[in-house]
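Asker: What would the 3D arrangement of this be:
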Amino acid sequence: MRFVVVTGLSGAGKTQAVRSLEDLGYFCVDNLPPSLIPKFAEACYQSEGRIDKIALVIDIRGGAFFDDLFDSLNYLKEQGYAYEILFLDASDEVLIKRFKESRRKHPLAPDGRIIRGINDERNKLKELKDRAHNIINTSKTTTRELRDIITKIYGENGQMETELMITIVSFGFKYGIPVDSDLAFDVRFLPNPFYIPELKAYSGMDKPVKDYVLGFETTVKFIDKLQDMLEYLIPLYIKEGKRQLIVSIGCTGGRHRSVTIANEIYYRLVDKNYKVNIDHRDIGEDVNRGGMKL
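Answerer: Okay, here's the model as predicted:
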C-alpha cells in the first residue's frame, strides 16, 4: 500500500496535487482531522487489498487539530504502517500573487496581511517539511507540469498519463446542446432522412439510414474535414494537459444524421488507436415521447 500525506503551504498547489493522485487511482480524503489518521490507516490496511493507494490532505485548516499530526504519524511508524509525506511549497511572492488573484483570505491571516499568514504557516510547517519524503516547489510550475511530476513519483512504473479520453456524442438540437461539450457541430445542413417515409422510423444505427446519409458527397467531405481537424487538435489538447474531450454532433432530433456521422467519426478515431467512447444521447427521444415530430 502507498499511503501519502499531502501537505504544504496554502496556495502551493495541494488541490491540484490531490486531483492528480485521484486520477492515478488514489483514494483521496481532504482535511481529515489528524487524530483520526491512525483509525483510518488501520481500516485501510485491513481492507485486504481493496484499498491500496491512499492520499490524505492535511494542513493548517485543521486548526487546533493540526497539532495532533505528529502524534498520529509517530503512531503509524510504531505500528509499522509505511507512509510518505508530499510537501507542496512556493515562494512568498508567488503565494501572495495567487491569493490576490483568487481573492481568498489566508487561513492564518483572515483579517490581516497575507505575508504574515504565510510566515506563520511556514513556521508551523517547518518540522513537517523537514520530515517530508518529497518536496515540490510550484513557484514556476504549471498545472500540467505538476501533474507530470506527481505521476512520475506516484504513478505505476512512473508512466506519464498523457492519454486523452475522447467521447463522441450525438444529440438533437431540440433537446439542447450537451452542456459538457468541448466542440459542437451542427449537421442540419445535410439531407434529412426524416422526410423519407421508408427511412423515418429507422435511426442512424440502421443500414438504410447510414447508406442514405453517407451517399452524399457533402457528407463524406464534412466527415473527412472533421477528422482532419480532430487529428490536428488532439495532440495539442494532450500537450496542453487536457484529459477529456467531448465532441458533440447534432441534428434536429438526434436520431438520424448526427448518429450516422458520430459513428463514422468514432470508427475512424478507433482505427487511429485513439481512446474513444460514443454516446447517442437522444436517439430514442422522439420514440419515447410518442412521436417523430420536428
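
Asker: Can you give me the buried ones in stretch 168-176?
Answerer: Of the residues in stretch 168-176, 168-173, 175 count as buried by neighbour count, 16 or more other Cβ atoms under 10 Å. Every residue, glycine included, has its C-beta placed from N, CA and C.

Asker: Can you give the contact residues for that stretch?
Answerer: 177-178, 181, 186, 188, 204, 246-255, 258-259, 261-262, 265-266, 269, 276-283, 285-286, 294 (Cβ atoms under 8 Å, 6 or more residues apart in numbering).

Asker: How about stretch 17-36?
Answerer: Contacts of stretch 17-36 (Cβ under 8 Å, 6+ apart): 2, 4, 6, 40, 44, 51, 53-59, 61-62, 65-69, 71-72, 86, 88, 136, 146-147, 150-151, 154-156, 161, 243.

Asker: buried stuff in it?
Answerer: Within stretch 17-36, judged by 16+ other Cβ under 10 Å, the buried ones are 17-21, 24, 26, 28-29, 32-34.

Asker: And those, which is closest to Phe216?
Answerer: Phe216 has its nearest neighbour among those in Arg19, at 44.6 Å by Cβ to Cβ.

Asker: And the contacts of stretch 42-56?
Answerer: With Cβ under 8 Å, 6+ apart, stretch 42-56 has contacts from 1-6, 18, 21-22, 24-29, 32, 37, 40-41, 79, 81.

Asker: Return the subset of those lying in helices.
Answerer: 18, 21-22, 37, 40-41 (DSSP state H).

Asker: just those now: which is nearest Arg122?
Answerer: Looking across those and measuring by Cβ to Cβ, the closest to Arg122 is Val18, at 21.0 Å.

Asker: how much space between the closest one and Thr141?
Answerer: Applying Cβ to Cβ, to the nearest Å, the value for Val18 to Thr141 is 15 Å.

Asker: and if you look at Tyr175?
Answerer: 42 Å.

Asker: and this protein, what are its domains?
Answerer: Listed domain ranges for the chain are 2-158, 165-288 (source: automatic domain parsing).

Asker: Lowest average pLDDT across those?
Answerer: Per-stretch mean pLDDT for the domains of the chain is lowest at domain 2-158 (a mean of 86).

Asker: What about the contacts of stretch 168-176, which are in strands?
Answerer: 186, 246-251, 276-280 (DSSP state E).

Asker: I'd like to know which of those residues are buried.
Answerer: 246-251, 276, 278-280.

Asker: Need the max-distance pair from those.
Answerer: Cys251 and Val276 (20.3 Å).

Asker: Remind me what the helix or strand harbouring Leu146 packs against, helices and strands.
Answerer: Element membership of Leu146 [criterion: DSSP states H and E] is helix 143-154. Packing partners of helix 143-154 (3 or more Cβ pairs under 8 Å, 6 or more residues apart in numbering; DSSP states H and E): helix 14-23, strand 134-137.

Asker: so that helix versus helix 14-23, what angle?
Answerer: 50 degrees (axes from the mean of the first three to the mean of the last three Cα atoms, to 10 degrees).

Asker: in the stretch 101-250 of the chain, which spans are helices?
Answerer: For the stretch 101-250 of the chain, the helices defined by DSSP state H, counting those that start in this stretch cover 114-130, 143-154, 207-214, 217-240.

Asker: For the ones you listed, give me TSV that also has mean neighbour count and distance to Asn192.
Answerer: Listed next are the helices of the stretch 101-250 of the chain as TSV, based on neighbours: other Cβ atoms under 10 Å; distance: least, Cβ to Cβ, whole Å:
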stretch	mean neighbour count	distance to Asn192
helix 114-130	16	60
helix 143-154	18	43
helix 207-214	18	9
helix 217-240	13	12
